[in-house]
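Q: I need the structure of the sequence given here:
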Amino acid sequence: MSQQLTVIGAGGHAKVVISAARAAGWHVGMAFDDDPAKIGGEVLGVPVVGPVSEALNADVGVAVLAFGGNRVRARLAGELDFEWVSIVHPAATVHDSVEIAAGAVIFAGAVVQPDAIVGKHAIVNTGATIDHDGVIGPFAHIAPGANLAGEVDIREGAFVGIGAAVIVGCSIGAWAVLGAGAVATTDVAAGVTAVGVPARAVSS
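A: Take a look at the predicted model:
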């Protein structure tokens with residue numbers, strides 16, 4: 001890629017974003033993070049030049065959010081008026097019919113099947129699978145090794161934990177959490193945390 005990519009975030013998740021971006025051919029020029037311990041240092045060789053607020057006055061070019069927290073990404077997407085790009089690791093398997101919105105990231109080993117949709121600033125993490133006609137809403141996060149069957153609907157800001165599974169046609173409501181290793185055999189309501197096999201709500 002000829003353009004410089006700026007990464008907003010410099011923690012562990014940023015390492016995976018930077019790795020995926022480089023594998024996809026991007027030049028990652030700089031990063032921003034609000035953690036004082038990170039400013040002035042590097043993340044995978046990328047200089048962390050200042051807090052996120054300073055990105056507004058920098059020559060950012062194009063950018064990607066590199067925070068794993070869904071609400072953090074949603075807040076920053078509203079505060080920062082950048083040209084957001086999607087990042088797809090070349091070791092991911094993504095069908096040509098998949099719609100990928102600006103700011104979405106798809107990591108190595110992920111599989112996204114025909115006619116799925118990945119919303120803005122959503123994360124499809126390492127080794128996660130999304131089968132046909134799945135919908136991943138904006139700011140949602142599908143954690144490593146999670147498996148979504150066909151026609152699953154993950155709503156805005158929902159989190160599907162590591163190794164979790166969702167059966168055909170189920171939905172995970174907006175800002176809901178499906179815990180690690182849980183199996184959703186029915187819909188999970190908005191704002192609810194569900195755990196276990198089968199998944200049951202524990203809070204709302």
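
Q: OK, contacts around the nearest residue to H141 once chain neighbours are set aside?
A: What sits nearest to H141 in space, not counting adjacent residues and going by C-beta to C-beta, 6 or more residues apart in numbering, is I123, at 4.4 Å. Bear in mind the C-beta positions are built from the backbone N, C-alpha and C, glycine included. With C-beta atoms under 8 Å, 6 or more residues apart in numbering as the criterion, the residues that contact I123 are G68, A104, V105, F107, A140, H141, I142.

Q: Also I39?
A: I39 sits next to D33, V48, V49, G50, P51 when contact means C-beta under 8 Å, 6+ apart.

Q: Likewise for S53?
A: For S53, counting by C-beta under 8 Å, 6+ apart, the contacting residues are D34.

Q: list the helices and strands the top helix by length along the chain packs on?
A: Looking across the chain with DSSP state H, the single longest helix is helix 12-23. In terms of contacts (3 or more C-beta pairs under 8 Å, 6 or more residues apart in numbering; DSSP states H and E), helix 12-23 is packed against strand 4-8, strand 27-32, strand 42-43, strand 87-88, strand 105-106.

Q: Tabulate those (a markdown table), appending distance to S19.
A: Shown next, in a markdown table, are those (distance: least, C-beta to C-beta, whole Å):
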| stretch | distance to S19 |
| --- | --- |
| strand 4-8 | 11 |
| strand 27-32 | 10 |
| strand 42-43 | 10 |
| strand 87-88 | 10 |
| strand 105-106 | 11 |
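
Q: Can you check which of these gets nearest to S171?
A: Distance to S171, taken as C-beta to C-beta, is lowest for strand 105-106 among the helices and strands packed on helix 12-23, at 20.9 Å.

Q: average pLDDT for the closest one?
A: In this model, strand 105-106 carries a mean pLDDT of 98.

Q: Give the pairing partners of whichever helix or strand comes after it; include direction for each.
A: Going down the chain from strand 105-106, the next helix or strand is strand 111-112, by DSSP states H and E. Note on strand 111-112: by DSSP bridges, its sheet partners are strand 93-94 (parallel), strand 129-130 (parallel).
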